[in-house]
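Peer 1: Just a sequence and a predicted model for now, questions to come.
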Amino acid sequence: MFCPQALALRRGLSDNGPEGGPSHEKSVSNPGNNLTMSEPKLLQLHIEELRVLARTNQPNRGGLIERNIDDYLSAEPGNERPALERLRDAIDQEEAEKREGEDWSIAKHFVHSWLSWLA
């Protein structure tokens, strides 16, 4: 089960949560390499990965979804709330497409839990 407090402590966030927000065109590091990409491209990359996970029935799917979202948030330390809001909106758009075989419930719950904890 998801525990935002434990994840936040692991990532070094305070109990008060992040403050401020980035520009939507901010260049961010891509975890695992030295390249940078704009925030919209980073969001698109993570949504594409989440779309693949929304179609799978792997037993570890929940953990992979949580790791994907955590990786996305790690690209913008201190700006989790606006990043989560953009991710929530993108997930809502994906779910509205109503593609057969996609289940966005885990990703939606994870993002909602984060936003509730940061409130």
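Peer 2: It's in. Numbering: from 1, shown residues only.

Peer 1: which residues of this protein fall in strands?
Peer 2: Taking DSSP state E, the strands of the chain run over residues 27-29, 36-38.

Peer 1: Now for the nearest residue to Ala83 once chain neighbours are set aside, how many residues are close by?
Peer 2: If the residues on either side of it in the chain are set aside, Ala83 comes closest to Glu76, at 4.9 Å by C-beta to C-beta, 6 or more residues apart in numbering. In this view, the C-beta of every residue, glycine as well, is placed from N, C-alpha and C. A count of nearby residues for Glu76, using other C-beta atoms under 10 Å, gives 20.

Peer 1: Pro59 now?
Peer 2: 7.

Peer 1: can you check Gly101 too?
Peer 2: 8.

Peer 1: repeat for Leu115
Peer 2: 17.

Peer 1: again, but for His112
Peer 2: 14.

Peer 1: correct me, but it touches Glu85?
Peer 2: No - under the criterion of C-beta atoms under 8 Å, His112 makes no contact with Glu85, lying 11.3 Å away.

Peer 1: which one of the strands of the chain has the lowest average pLDDT?
Peer 2: The minimum mean pLDDT among the strands of the chain belongs to strand 27-29 (a mean of 44).

Peer 1: And the helices in this protein?
Peer 2: Taking DSSP state H as the criterion, the chain contains helices spanning 4-11, 39-55, 61-74, 80-96, 105-118.

Peer 1: Can you spell out which helices and strands pack onto the second one?
Peer 2: For helix 39-55, the contact count by 3 or more C-beta pairs under 8 Å, 6 or more residues apart in numbering; DSSP states H and E identifies strand 27-29, helix 61-74, helix 80-96, helix 105-118 as packing neighbours.

Peer 1: what angle separates it from helix 105-118?
Peer 2: Interaxial angle, helix 39-55 versus helix 105-118 (axes from the mean of the first three to the mean of the last three C-alpha atoms, to 10 degrees): 130 degrees.
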